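**Student:** One predicted model, sequence on top.
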Amino acid sequence: MLEPGPPASKRYGGAERYESLFIVSSKFSCSMSGFRGGVHPSGLKLTGFKRIEVPPLPPRVVIPLRQHLGAPCDPLVEKGAQVKTGQKIGDSNAPVSAPVHASVSGTVAELSPRRLPTGDRVLSVVIESDGRDEWVRMPPLDPEKASKEELLQRVREAGIVGMGGAGFPTHVKLNPPKKVDTLLINGVECEPYITADHRLMLEEGEKVVEGAKIMARILGVTRVLIAIEDNKPDAIEHMQKLSEGWGEVVKLRTKYPQGDERHLLKAVLGREVPAGGLPLDVGAVVQNVATSKAVHDAVKLGIPLVERVVTVTGAVAEPKNLRVRVGTPFTYLLQQCGGAAGKVGKVVAGGPMMGFAVHEEVPVVKTTGCVLLMEEREVGEEEEGPCIRCGRCVDACPMGLMPTHLVRLVRKKDFEACLQYNLTSCDECGCCAYVCPSKIPIVHVIREGKKGIRRLKK
Amino acid sequence: MIEEMGVLGIMGVAFAVMLVVAARKMAVQVDERIEKIREKLPGASCGACGLKGGCDALAEELVKDPSLLSKCRLAGPEEKREIGKILGIEVKEEEKRRLPRVRCTGESKILFDASGERTCSALSDLAGGPLACPYGCLGVGDCVRACPFGALRMEGRLPAVDERRCTGCGLCEQACPRGVIKLLPEDTKVLLLCNSPSSGKEVNASCASGCIKCRICEKSCPVQAIKLEPLPVIDPILCNACGTCVEKCPRKVLKLGVVPPSPIPSPPAPASG
């Protein structure tokens, strides 16, 4: 709703009282959450006012060789090798991949498959820390003088991936095959509990802004928007001050799943990404604020992506925002927060809407923004009831799908019909399962459907 | 009166001619063989042949491609020979009846209580599955639901096969996301009760039984019929069912096969739903 079209007074025959509803200022706009569906879960941002803390280094880290979407890396070190913080320990020749780096200095203790927070088992490098934290850095680049290719290469070498959760390699996203006109910095953070991006904007907003400038230069765009939901007024104010003169902060009405780039584009620019398409099909690139900060670090300081902010929250003694090294085990994070408060029902990597329950020791990876402890009484399994065709899931689905029908089709194993009903457009935001009064595990069923469709295509 | 009769008579003749012409011109060529073949097929429409339309579809496809006959797992040798006659092909000697065998002891440790969609296929992907063993039977019964003949039921954590009802259609084998159920010839002499190719160390850590690749069966076999690759594979020709391996196996994952009872003569009506 940035371009409001003809003034409301003209469209509505001069009826003045409608004006406040339809006119939005272009400089500081409050978008009316212009995407369909969505839900309003309680915010539960327990850690919104807590400064980011830096805990002592963990004694050992587990660094998976695939922390991104795309091809896994091949290890560049062997068991027993000495590594330094920031040293590249895995890389791949595949076009969609990102290298990984040692996040502490020490000795490679093991090379073995380990579980990721998402449940996959991936070959990982286990490093025993020597406690000295000796760094190797890349030479800093001047973003004004360096060429676009140099900057892109640096983003790749630093192993930067989308840190909002999907983990798509950033250098691929910053090199679009089509012309783009807008860079959208995503500071929405719409999931309950998570405050990592919020605190990052408040405490290191300058770096986020610098990173955004570098990415805008790589993309060759002049229009940079920073989207933040209105449940973070302090961040909006702070980012507005910092972006004065070159970018624009867009304040959005809080709604889940606004942080999904498709819905964000619809809400901010009014552009709808076609089914099966990408944001660059509508001339925009969306990057998370943490990714933006990582780009700044890589270019200006020569530091690869080896640490990130993680919100440790829920039923822990003291919920905190922690800046930790990639590969830090979850149990170490929980120790830093005083352990569990109450009886733990589930440990969730990510937020409560889209996160993954983990059941064994897993490490923080580049995409882990939150570790959430849920008490046993919160996760008590409810008996699934029959679908009563209330249609709440249809109303809630931001992609305009019919979850109720899709569930029926998947359970009938009619995957061809699922394809016709665009099951593959589902981005598993979980709104349908959140509103379902019969407690049908809709997302899980739809994931089954995707598996069935993959089999069908083979 | 006569006028009306004349007009109606002429109209009648005219329509009769039109109908005859239309019937001749627009006649759909139906292969008579399809109907005959359809009669010989079992009629359970189980879907084991892989065609969506059941026995009707198979009959139509058979006329085009007689080699599909082997896809029907239900029709007996007698029926197949007759269908072969209609199609004008030679039907080879019927292979042995095959039965589903559950290759798991159901003793893997349980890591967590999985919630969500209660199918094996969905749970198998949930953080690597709720079992410590990534190859073991999940015990949720996708195979039971897949069986159109009601030949499977859950007994504890494992499915049990009612061998009299089983037609060997293989739908259970296809339904299992982990390949625990496998169709084997009915006279297989020694059966293996483990599906895990993992090393002995891993199996030991995840399961109370399960093959630990100790090679005792391979070494103890008096006729050298067993090879580990990585699970024991028993040569059906060399094996003389002496039972040495079954006795020596420290994990008791080998079992002597018994020839099962023959199936109920006429295939029962498919279970509804």
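**Tutor:** Sure thing, it's come through.

**Student:** Give me the nearest residue to the residue of the stretch 101-250 of chain A found nearest chain B, chain neighbours excluded.
**Tutor:** With Cβ to the nearest Cβ as the measure, the residue in the stretch 101-250 of chain A that lies nearest chain B is A:Gly119; the distance is 3.5 Å. From N, CA and C alone the C-beta is placed, and that goes for glycine too. Of all residues not flanking A:Gly119 in the chain, B:Ala127 sits nearest, at 3.5 Å (Cβ to Cβ, 6 or more residues apart in numbering or on different chains).

**Student:** Check the secondary structure at that neighbour for me.
**Tutor:** For B:Ala127, the assignment made with DSSP: H, G, I helix; E, B strand; the rest coil gives helix.

**Student:** Please report how far it lies from A:Pro117.
**Tutor:** Counting by Cβ to Cβ, to the nearest Å, the gap between B:Ala127 and A:Pro117 amounts to 9 Å.

**Student:** Can you pull the residues that touch both of these two?
**Tutor:** Overlap between the contact sets of B:Ala127 and A:Pro117, as judged by Cβ atoms under 8 Å, 6 or more residues apart in numbering or on different chains, is given by A:Phe356, A:Val358.

**Student:** burial count for whichever residue of the stretch 251-400 of chain A sits closest to chain B?
**Tutor:** When distances are taken as Cβ to the nearest Cβ, the stretch 251-400 of chain A reaches nearest to chain B at A:His359, 4.2 Å away. Look at A:His359: counted by other Cβ atoms under 10 Å in any protein chain shown, it has 18 neighbours.

**Student:** Spell out which residues of the stretch 101-250 of chain B are next to chain A.
**Tutor:** Of all the residues in the stretch 101-250 of chain B, those in contact range of chain A (Cβ under 8 Å from any Cβ of the partner chain) are B:111-113, B:115-117, B:119, B:121-122, B:125-128.

**Student:** For the buried ones among these, write the corresponding ChimeraX selection.
**Tutor:** Restricted to the buried members of those, where burial is judged by 16 or more other Cβ atoms under 10 Å in any protein chain shown, the ChimeraX selection command reads as follows:
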select /B:111,115,116,117,119,121,122,126,127,128
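
**Student:** At which residues are the strands of the stretch 151-273 of chain B located?
**Tutor:** All strands of the stretch 151-273 of chain B, identified by DSSP state E, counting those that start in this stretch, fall at B:152-155, B:158-161, B:181-185, B:190-192, B:226-228, B:232-234, B:254-256.

**Student:** residue contacts, whatever residue of the stretch 51-200 of chain B ends up closest to chain A?
**Tutor:** When distances are taken as Cβ to the nearest Cβ, the stretch 51-200 of chain B reaches nearest to chain A at B:Ala127, 3.5 Å away. Neighbouring residues of B:Ala127 by Cβ under 8 Å, 6+ apart: A:Arg115, A:Thr118, A:Gly119, A:Phe356, A:Ala357, A:Val358, A:His359, B:Phe112.

**Student:** What distance do you get for it to A:Ala267?
**Tutor:** Summarising the geometry, the distance separating B:Ala127 from A:Ala267, computed by Cβ to Cβ, is 33 Å.

**Student:** try B:Asp113
**Tutor:** Look at B:Asp113 and A:Ala267: by Cβ to Cβ, they are 38 Å apart.

**Student:** Alright, calling it a day.
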